[in-house]
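**Student:** Give me coordinates for this.
(one chain, ligands or ions: 2)
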Amino acid sequence: MAKTTLADLGDLTGKRVLVRVDFNVPLDKATGDVKNDRRIRAALPTVQALLDAGAAVIAMTHIGRPEKATPAERKNLTTDKVAARFGELLRRPVKKVADEVVGPAVEAAVKAMKPGDVVLLENLRFDPREQKNDPAFAAALAGLADAYVNDAFGTCHNDNDASMVAVPAALKATGKPRAVGLLVEKELHVIDGLMSNPKRPLLAVMGGAKVSDKIAFIHALLGKVDHLLIGGKMTYSFLKAKGVSVGATRVADEEVAAATPLLDQVDMKITLPTDCLAAKADDLTQTRVFEGAIADGFEGVDIGPATLAHYANKIRQCGTVIWNGPVGWFEKPAFSAGTKGIAAAMAGCDAVTVVGGGETAEAVEQFGFAEKMTHVSTGGGAFLAYVEGKPFRSLEQIDDRP
Ligand code: 3PG
Ligand code: MG
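**Tutor:** Numbering: from 1, shown residues only. Ligands and ions are numbered 1, 2, ... in the order given. Next up is the predicted model:
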């Protein structure tokens, strides 16, 4: 069932709309500069649509995990630089209103807002009540606005975040409308379609480090997909579980244990790489391709050329491809051929192509293929959880479309 969206909010002339965005973007550790503004760009259509409808926009986001940061790191987690980039992209001033998340200064600034004005609140997580669904904190935020919009797909799986759950609940209690934004609407539409009625064959490419982190996701995929192609570091957990030597590749026992129950699907739905690129653990410039067992002293760093050719061929023959997790250590150019090759094969094929997960989206962008995909999700954990079919309390707060 589709959720209430912007079009259902009615006339917004002169209204203040509180918009939860996910501007949890990568920042430069030293300077706090925004390193990648993809998530900011992804929320612009919603903000622009609200402004076009005559509203003033109060945007709010979390950034990073300030509760775990040192004081110096915490300084860089303010929304100042994000507000500046948001304003540049929106081509209008965005005011970072105050150093407090809620309180008199924020209330005064919001009261003074006129249609077309945009403010960004301070990092929500600077207030410890944010991650506790605190009702008083939620009431203070809800009291700022006439309506609420959730356009923070990347955070939709966070059931305890006040801005995602308790705030829309507080607006509901006072009879104010709530809706999902255009980004959340699109993410849900694409992923729902992918999981309920995909163009077949449906193929998944899955990489990343840990089988154990993604076990629920893998099971959800196995119930839906025709093929699951494995790459990345998790390959070596499968190989080790099969009793194949992985050389100097570090694989934790719990990863082998996570991969073992999946072995009966290998060569059925699950395909493992037949070759891999490995580098000498003590000198990464020395590389060799191994088919099967990896020699002592070498660690696996990418899928091999035969595997890439085989996977690319599979991609070209399917109706839908869903990709999560880089298939190699792509941050190092010498080990990026596999990840780049998968991205290129997806970009060049006729299938519906969906990319999910922070690192995977980053890789696709870095190699210049993002525009050629059907959809690049802004969700990391949220993408995995939504594909798994987990219910989100944040979305339960938004009514179904009338
Ligand atoms: C994310 O990037 O996963 C979201 O912004 C949520 O952030 P979190 O993982 O710190 O809750
Ligand atoms: Mg996360």
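**Student:** can you tell me the residue of the protein closest to ligand 1?
**Tutor:** For the chain, the residue closest to ligand 1 is N24, as judged by C-beta to the nearest ligand atom, at 3.4 Å. Backbone N, C-alpha and C define where each C-beta goes, glycine included.
**Student:** Would you mind listing the residues in contact with that residue?
**Tutor:** For N24, the contacting residues are 39, 61-64, 154-155, by C-beta atoms under 8 Å, 6 or more residues apart in numbering.
**Student:** Quick check, pLDDT for it.
**Tutor:** On pLDDT, N24 comes in at 97.
**Student:** Helices of the stretch 201-350 of the chain, start to end?
**Tutor:** Using DSSP state H, counting those that start in this stretch, the helices of the stretch 201-350 of the chain run over residues 215-222, 234-241, 253-259, 305-316, 337-348.
**Student:** among those helices, which is nearest A84?
**Tutor:** Minimum separation from A84 across the helices of the stretch 201-350 of the chain (C-beta to C-beta) falls at helix 337-348, 30.6 Å.
**Student:** who does that closest one touch, helix- and strand-wise?
**Tutor:** With contacts taken as 3 or more C-beta pairs under 8 Å, 6 or more residues apart in numbering; DSSP states H and E, helix 337-348 sits against strand 298-303, helix 305-316, strand 320-324, strand 352-356, helix 358-366.
**Student:** Show me the contact partners of that helix.
**Tutor:** 205, 207, 231, 277, 302-305, 307-308, 311-312, 315-316, 321, 323, 326-328, 330, 353, 355, 363-364, 367, 369, 372-373.
**Student:** Dump the helices of the stretch 201-350 of the chain into TSV; add mean pLDDT, distance to P104 and mean neighbour count as well.
**Tutor:** Below are those laid out as TSV (pLDDT from 0 to 100; distance: least, C-beta to C-beta, whole Å; neighbours: other C-beta atoms under 10 Å):
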stretch	mean pLDDT	distance to P104	mean neighbour count
helix 215-222	92	44	18
helix 234-241	97	51	24
helix 253-259	96	50	18
helix 305-316	98	56	18
helix 337-348	98	49	23
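**Student:** Keep only the contacts of N24 that also lie close to ligand 1.
**Tutor:** Filtering the contacts of N24 for neighbours of ligand 1 using C-beta under 6 Å from any ligand atom leaves 154-155.
**Student:** most neighbours, which of the contacts of N24?
**Tutor:** In terms of neighbour count, T61 stands highest of the contacts of N24 at 28 neighbours, by other C-beta atoms under 10 Å.
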